[in-house]
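In: A predicted structure for the sequence below; I have some questions about it.
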Amino acid sequence: MAARELFKTRLGFLLIAAGCAVGIGNVWRFPFITGQYGGAWFILLYLFFLVVLGLPLLTIELAIGRASRSSMAYCYESLENNGSKWHYNKWWQFSGNYFLMAFYVVVTGWMLYYLCSFISCSVGAYESNDVAISRFKTLLGSPVTMYNCVVISVLISFTIVALGVVKGVERITKPLMVVLIVLLLVMALRSFTLDGFKEGITFYLKPDFSKLEGHFLEAIWAAMGQAFFTLSVGFGAIAIFGSYMSNKHRILNEAIFIAGLDTAIALLSGFVIFPACFTYGISPDAGPTLLFVTMTVVFSNMTLGNIWGTVFFLFMFIAAISTMIAVFESIIAGCIELLKLSRIKAVIINMVIILTICLLPLLGYNVLSDVHIIGPKTDLLDFFDFLVSNNIMPIGSVVFVLFVCAKSGMTFKRYVDECNIGKGFKISEKLYFHYKYILPAIVAVVLVIGYIQIIQRF
């Protein structure tokens with residue numbers, strides 16, 4: 001443990017941990033549900049649940065990581081009492097990293113495909129919605145093209161991880177995150193010059209309580225879900241970066257920065273998407289349709305569209321790659337500690353594993369398109385997403401919460417003491433009731449409603 005690598009700089013740790021949280025959902029899901037559920041009213045709901053739910057869960061994973069100085073491989077064993085069985089949870093929680101990457105690398109491959117399409121100017125000017133839909137369907141129907149894009153994305157990410165925590169992950173991810181933020185700011189500033197800026201931002205942020213009438217409970221669940229899922233908690237991907245952080249700053253400070261940057265990027269994404277959609281009279285639909293159809297049409301009709309399309313999908317690709325690097329580091333660190341492998345061997349073995357298991361969600365759009373496990377209109381990518389988002393993340397988060405509250409686990413006092421090492425804001429032991437009872441209850445609501453939505457598909 002004494003030879004464990006630590007991040008050289010605080011900024012490196014913060015940007016990399018934020019990179020794990022910042023992902024594709026920030027760009028399409030958060031802006032859309034904000035506009036759908038009352039604009040500024042929804043943001044207030046989201047910020048409330050970010051404080052009462054997201055931040056505590058984030059501090060728990062960071063504290064477990066820093067206190068144990070271990071990945072999921074031995075973090076439970078390092079902190080639990082002798083004879084306790086908490087460490088049995090590591091196996092299914094750690095599997096979340098693999099299930100997440102199985103479908104995430106496929107979506108990242110789509111980002112690379114569209115990035116290359118705009119760079120090569122293969123996206124024609126004034127492309128219609130029908131043409132954009134046909135282009136996306138053609139991509140989904142071509143497993144070879146998709147797999148080539150996945151291979152390139154995985155090679156980039158694992159090569160960075162293979163270089164080590166400091167020389168690879170920190171040295172490269174830090175400037176990548178800076179570039180991501182700069183690209184987003186450039187695109188947001190560009191939106192101010194679009195004709196539909198005022199209309200788009202009005203739809204996005206104007207407080208409109210009428211949108212909540214009859215949908216208030218839906219909005220509450222959406223805010224809870226966004227505050228929970230946006231931080232990538234529950235399966236140890238955040239804990240690994242806690243194990244690499246220094247003791248100079250208190251954990252709550254770092255959690256506030258990570259959650260704040262994640263939220264800022266999500267908010268700014270709406271400034272990019274909605275003015276563009278309203279300028280060109282295109283409905284800002286959610287999901288892949290927004291990114292790969294709607295935004296393609298927007299950029300093809302925009303002056304210097306290929307340049308702005310390149311900038312947008314470069315931003316998206318970097319956001320996706322930053323998450324891949326973070327989760328891959330969690331996987332590699334776990335394998336190094338658990339199997340006593342060298343970093344290079346762990347990288348090679350896991351690269352083969354990821355490139356194999358990603359074939360299932362990838363082929364779910366073509367060869368295996370008749371397979372619908374969780375509903376008639378779903379595919380295998382949806383199933384993998386369901387395993388992670390509706391099972392491993394919420395159940396794993398509850399386990400982490402109960403672990404830090406249990407006398408047989410980390411104990412709440414030790415958690416608080418760990419959080420309060422260094423400079424910054426303190427966490428009080430008076431929050432025990434909130435952690436022990438309210439946090440699990442909120443996550444349970446997210447879990448149950450997620451299952452209800454799945455059942456309603458049938």
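Out: Received it, and whenever you're ready, just let me know what you need. Numbering: from 1, shown residues only.
In: can we go C-alpha only for contacts and neighbour counts from here?
Out: Will do.
In: contacting residues for Arg69?
Out: Contacts for Arg69 were tallied using CA atoms under 8 Å, 6 or more residues apart in numbering; they are Met1, Arg4, Cys75, Gly242, Ser243, Tyr244.
In: just the buried subset of these, written out for ChimeraX, thanks.
Out: In ChimeraX syntax, the buried subset of the contacts of Arg69 is picked out as below (16 or more other CA atoms under 10 Å):
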select :75,242,243,244
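In: for the contacts of Arg69, which one is nearest Ile24?
Out: Closest approach between the contacts of Arg69 and Ile24, by CA to CA: Gly242, at 22.9 Å.
In: shouldn't that closest one be in contact with Thr59?
Out: No. Counting by CA atoms under 8 Å, Gly242 stays clear of Thr59, with 9.2 Å between them.
In: quick one: pLDDT of the residue lying closest to Phe229 once chain neighbours are set aside?
Out: Nearest non-adjacent residue to Phe229, counting by CA to CA, 6 or more residues apart in numbering: Ser389, 7.3 Å away. Per-residue confidence (pLDDT) for Ser389: 89.
In: wait, is Ser389 part of a helix?
Out: Yes. Counting by DSSP: H, G, I helix; E, B strand; the rest coil, Ser389 is found in a helix.
In: distance check, it against Ser153.
Out: Separation of Ser389 from Ser153 (CA to CA, to the nearest Å): 22 Å.
In: what of His372?
Out: His372 sits 27 Å away from Ser153, taking CA to CA as the criterion.
In: between the two, which one's more packed in?
Out: Neighbours were counted for His372 and for Ser153 using other CA atoms under 10 Å; Ser153 has more, 22 against 15.
In: so what's that one up against?
Out: Ser153 makes contacts with Val105, Thr108, Gly109, Leu112, Ile321, as judged by CA under 8 Å, 6+ apart.
In: now these: which count as buried?
Out: The neighbour-count criterion (16+ other CA under 10 Å) marks Val105, Thr108, Gly109, Leu112, Ile321 among these as buried.
In: Lys167: which of these is nearest?
Out: Closest approach to Lys167 among these (CA to CA): Ile321, at 17.0 Å.
In: which non-adjacent residue is nearest that closest one?
Out: Leaving aside its sequence neighbours, Ile321 sits nearest to Ser157 (CA to CA, 6+ apart; 6.6 Å).
In: quick one: that neighbour and Ala326 touch, right?
Out: No. Applying CA under 8 Å, one finds Ser157 not in contact with Ala326, separated by 9.0 Å.
In: check which element follows the helix ranked longest in the chain along the chain.
Out: Counting by DSSP state H, the longest helix found in the chain is helix 305-339. Using DSSP states H and E, the next helix or strand after helix 305-339 towards the C-terminus is helix 343-357.
In: so of the contacts of Ser153, which ones are in strands?
Out: Per DSSP state E, strands hold no members of those.
In: now the residues you listed as JSON lines including distance to Phe94 and pLDDT?
Out: As requested, the contacts of Ser153 are exported to JSON lines (distance: CA to CA, whole Å; pLDDT from 0 to 100):
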{"residue": "Val105", "distance to Phe94": "17", "pLDDT": "97"}
{"residue": "Thr108", "distance to Phe94": "21", "pLDDT": "95"}
{"residue": "Gly109", "distance to Phe94": "24", "pLDDT": "96"}
{"residue": "Leu112", "distance to Phe94": "27", "pLDDT": "97"}
{"residue": "Ile321", "distance to Phe94": "20", "pLDDT": "94"}
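In: which among the residues you listed gets closest to Leu314?
Out: Closest to Leu314 out of the contacts of Ser153 is Leu112 (8.0 Å), distances taken as CA to CA.
In: quick one, what contacts that closest one?
Out: When contacts are counted by CA under 8 Å, 6+ apart, Leu112 touches Cys149, Ser153, Phe313, Leu314, Phe317.
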